[in-house]
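[1] Predicted model, plus sequence, below.
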Amino acid sequence: MLKLTDYARMAASEYMQEVGHTELDARWIAEFFEESGVMEAYPEQNLIPFADMVQKELTKNAERANKNMLQALDRIARRPGKSSR
């Protein structure tokens, strides 16, 4: 059985692939919650705290991607031998 955090990561990943936004849509997460098996695996779990977990995962992933992008841009800017016009 998957952990609840695994479901949250899976939801965040799937949401980004399908929607491409970091702000979670209530209808989308409600559908995922019902159809992905979270309700069966965790019958005592409420949708709202689960949605909060997924939103935190989306935010964390977006921050990580932004940090990686800035590091890559910094490496490109520091590359020797490249002259800017």
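    Noted; the coordinates are in hand. Numbers count the residues shown, from 1 in each chain.
[2] Sketch out the low-pLDDT regions of the chain for me.
    81-85 (pLDDT under 70).
[3] mind listing the helices for it?
    Along the chain, counting by DSSP state H, helices occupy 4-18, 26-35, 38-41, 47-77.
[4] which one of the ones you listed has the most crowded surroundings?
    Mean neighbour count (mean count of other C-beta atoms under 10 Å) peaks for helix 4-18 among the helices of the chain, with a mean of 16. C-betas here are computed from N, CA, C, even on glycine.
[5] got the angle between that one and helix 47-77?
    Per axes from the mean of the first three to the mean of the last three C-alpha atoms, to 10 degrees, the angle that helix 4-18 makes with helix 47-77 is 60 degrees.
[6] Could you export helix 4-18 as CSV, keeping only the C-alpha atoms?
    Extracted in CSV, the C-alpha atoms of helix 4-18 (Å, rounded to 0.1, in the frame of the first residue of the first chain):
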residue,chain,number,x,y,z
LEU,A,4,-0.2,9.1,1.8
THR,A,5,2.8,11.2,1.0
ASP,A,6,3.3,9.0,-2.1
TYR,A,7,-0.2,9.8,-3.2
ALA,A,8,0.5,13.5,-2.7
ARG,A,9,3.7,13.3,-4.8
MET,A,10,1.9,11.3,-7.5
ALA,A,11,-0.9,13.9,-7.5
ALA,A,12,1.5,16.8,-7.8
SER,A,13,3.4,15.2,-10.6
GLU,A,14,0.3,14.3,-12.5
TYR,A,15,-1.2,17.7,-12.0
MET,A,16,1.8,19.5,-13.4
GLN,A,17,1.9,17.2,-16.4
GLU,A,18,-1.8,17.7,-17.1
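[7] mind checking how far that helix is from the chain centre?
    6 Å (C-alpha atoms, centre = their mean, to the nearest Å).
[8] go on, stretch 65-82?
    That offset, for stretch 65-82, works out to 23 Å (C-alpha atoms, centre = their mean).
[9] got it, and stretch 53-65?
    For stretch 53-65 - counting by C-alpha atoms, centre = their mean - the centre lies 5 Å from the chain centre.
[10] Stretch 7-23 too?
    That offset, for stretch 7-23, works out to 5 Å (C-alpha atoms, centre = their mean).
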